[in-house]
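S.K.: Provide a 3D model corresponding to the input given below.
(chains A and B, ligands or ions: 2)
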Amino acid sequence: MFKYSFQWNQALKALPQMLDGALVTMQIALLSMAIGLVVAIILTLFRLSGSRLLRGFAVAWVEIARNTPALFQIYMAHFGLGSFGIHLSPFTSLLAGIAFNNAGYLAENFRGALKAIPDTQARAGRSLGMTSLQAFRLIVVPQMLRIAFLPITNQMVWAILMTSLGVTVGMNTDLAGVTQALNARTFRTFEFFALAAVIYYLIAKVVTLAARLIASRLFRY
Amino acid sequence: MIEIESVHKSFGKLEVLKGINLTVNKGEVVSIIGGSGSGKSTLLTCINGLEPINSGKIKIDGTEVHAKSTDLNKLRQKIGIVFQQWNAFPHLTVLENVMLAPRKVLGMAKSDAEAIAVKNLTHVGLAEKLSVYPNRMSGGQQQRMAIARALAMSPKYMLFDEVTSALDPMLVGEVLDTLKMLAEEGMTMICVTHEMAFARDVSDRVAFFHQGVMAEIGTPEQLFGAPQNPETQKFLASIR
Ligand SMILES: Nc1ncnc2c1ncn2[C@@H]1O[C@H](COP(=O)(O)OP(=O)(O)OP(=O)(O)O)[C@@H](O)[C@H]1O
Ligand SMILES: [Mg+2]
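M.R.: Ligands and ions are numbered 1, 2, ... in the order given. Predicted coordinates:
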């Protein structure tokens, strides 16, 4: 028999707490994206470099990030490094794991975007007297960003959702962590998790819409 | 003055330029004609140092292009080049396309760069298109923009590589007119072209390239009227 009786009151009362958690979630997602973007640019440059070592390093990173579960990546940052005596807080290891994942996916996107820009573009810049760095920065990168913008947005949403894996390494201040703690205390499992899901959904939607708005501003060609 | 002295250039095993000698004086217009794969484009990209050479020398106003000590970025400011594919920068408006190099390479103030860009765009008949993005323009308009973009650096020399070949026949005229205008203004130019009427009307000299060799060079009257080299005769007969 279906005996569960819904009690939304408790869940709604806990809403402010959960929204605080959502802020932490956003904070981790944004930080992990910022780090991921910077590292992805570095990995992309590594992949273009003449050094086999740097290329190999970048390829290995991208391969591991894209072909192993995000959960393991976060585990490795927490328990894996822990076994080498490097103990990161749940916050830091969650951030590190997601940033690792972001960097791998974004680097792959950047590589694709780079391929899509004909090298005659940089050549045209060079023949106007630009250095190769200027041609790259002023001509190639802006076009790359446009191509990579949608994948970047997708990765941002993915990063937000990945933060929920933090509960497995003891994260208890983000939305998933707070929800889990409330659930453990009250056993109103469905209500809390449903509410959390709605909040995740709304955040993801807002991010997607904001990105679309930014894109229409930024890329007018 | 552009001095090309016994230039050899290979891509791997393939020798594309087999000892080219050519001097282009100030104010002169030299057209280069010849079959596909004869090395015409390669010569232009060697002149502005986009491609290295295997032996010989290319000097621009006495500066050796391929010498290690030469600052190529600096040298290229003297030499404008326009390609068959105009390579508009799609993320910038027409005005921004033309302003970019004067600002970033010459370090001009924004207002100065803008004035120069507007002047050159007006010169090629694009004064109405300043704030348009290149993909909203025809190929002929984009090609004229590319010419203005090169001119905005106030080059002493202009190299044109089949700038009308990728255009619809209807649009060829407007671009050729722009080239004619530059020639009449005294610009020193090397034009690789398949437009024989243009080569005949505008050039001081016409060179015929055949398999990496400059088989013949002369005034348009000589080259088109009384070609000496059998390969030139064959080529001209084939395109008539
Ligand atoms: N980057 C390159 N790498 C290898 N081979 C090249 C390269 N560029 C040109 N070639 C070869 O060099 C030869 C000369 O090419 P080039 O483009 O100079 O000819 P062209 O006279 O301009 O011909 P077209 O009229 O078709 O433009 C061709 O056989 C071409 O395949
Ligand atoms: Mg060519």
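
S.K.: Which residues does the helix or strand bottoming out on mean pLDDT in chain A contact?
M.R.: Least confident element among the helices and strands of chain A, by mean pLDDT, DSSP states H and E: helix A:8-13 (a mean of 85). Applying CB atoms under 8 Å, 6 or more residues apart in numbering or on different chains, the contact partners of helix A:8-13 are A:Leu182, A:Thr186, A:Arg188, A:Glu191, A:Phe192, A:Ala194, A:Leu195. From N, CA and C alone the C-beta is placed, and that goes for glycine too.

S.K.: Check stretch A:44-64 too.
M.R.: Outside stretch A:44-64, the residues touching it (CB under 8 Å, 6+ apart) are A:Leu43, A:Gln73, A:Phe100, A:Ala103, A:Gly104, A:Ala107, A:Glu108, A:Phe110, A:Arg111, A:Leu114.

S.K.: Just give the number of residues close to the fourth one.
M.R.: So that's A:Ala103. Other residues near A:Ala103 come to 27 when the count uses other CB atoms under 10 Å in any protein chain shown.

S.K.: what's the answer for the second one, then?
M.R.: Counted with other CB under 10 Å, residues neighbouring A:Gln73 total 23.

S.K.: right, and it touches A:Phe100 too?
M.R.: Yes: contact between A:Gln73 and A:Phe100 holds when scored by CB atoms under 8 Å: they sit 5.4 Å apart.

S.K.: Tell me which helix or strand the closest residue to A:Val39 other than its chain neighbours sits in.
M.R.: Among residues not flanking A:Val39 along the chain, A:Ala103 sits closest, at 3.8 Å (CB to CB, 6 or more residues apart in numbering or on different chains). Secondary structure assignment for A:Ala103, by DSSP states H and E: helix A:90-115.

S.K.: returning to that earlier point: from the contacts of helix A:8-13, which two are the most distant?
M.R.: A:Thr186 and A:Ala194 (13.7 Å; CB to CB).

S.K.: tell me the pLDDT at the residue nearest to the spatial centre of chain A?
M.R.: Nearest to the geometric centre of chain A sits A:Ala159, at 3.2 Å (CA atoms, centre = their mean). Reading off the confidence values, A:Ala159 has pLDDT 97.

S.K.: Which part of chain A gets nearest to ligand 1, residue-wise?
M.R.: Proximity of chain A to ligand 1 (CB to the nearest ligand atom) peaks at A:Asp119, 10.5 Å away.

S.K.: Could you export stretch B:30-46 as PDB, CA atoms only?
M.R.: Provided in PDB are the C-alpha atoms of stretch B:30-46 (Å, rounded to 0.1, in the frame of the first residue of the first chain):
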ATOM      1  CA  VAL B  30      54.100  43.800 -63.000                       C
ATOM      2  CA  SER B  31      51.600  41.100 -63.700                       C
ATOM      3  CA  ILE B  32      52.400  37.500 -63.500                       C
ATOM      4  CA  ILE B  33      50.500  35.000 -65.600                       C
ATOM      5  CA  GLY B  34      51.000  31.300 -66.100                       C
ATOM      6  CA  GLY B  35      49.400  27.900 -65.600                       C
ATOM      7  CA  SER B  36      48.200  26.300 -62.400                       C
ATOM      8  CA  GLY B  37      51.000  25.100 -60.200                       C
ATOM      9  CA  SER B  38      53.700  27.200 -61.900                       C
ATOM     10  CA  GLY B  39      54.700  28.800 -58.600                       C
ATOM     11  CA  LYS B  40      53.100  32.300 -58.900                       C
ATOM     12  CA  SER B  41      51.400  32.300 -55.500                       C
ATOM     13  CA  THR B  42      54.500  30.800 -53.900                       C
ATOM     14  CA  LEU B  43      56.700  33.600 -55.200                       C
ATOM     15  CA  LEU B  44      54.300  36.200 -53.600                       C
ATOM     16  CA  THR B  45      54.400  34.400 -50.200                       C
ATOM     17  CA  CYS B  46      58.200  34.300 -50.400                       C
END
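
S.K.: isn't B:Val16 right next to B:Ser41, touching?
M.R.: No: contact criterion CB under 8 Å: B:Val16 and B:Ser41 do not qualify, at 9.4 Å.

S.K.: now the helices: where do they sit in chain A?
M.R.: A:8-13, A:15-48, A:52-67, A:70-75, A:81-82, A:90-115, A:119-127, A:132-135, A:141-162, A:175-186, A:189-218 (DSSP state H).

S.K.: same question, chain B
M.R.: Under DSSP H, chain B gives helices at B:40-47, B:72-76, B:94-104, B:110-123, B:139-151, B:169-184, B:196-202, B:220, B:230-239.
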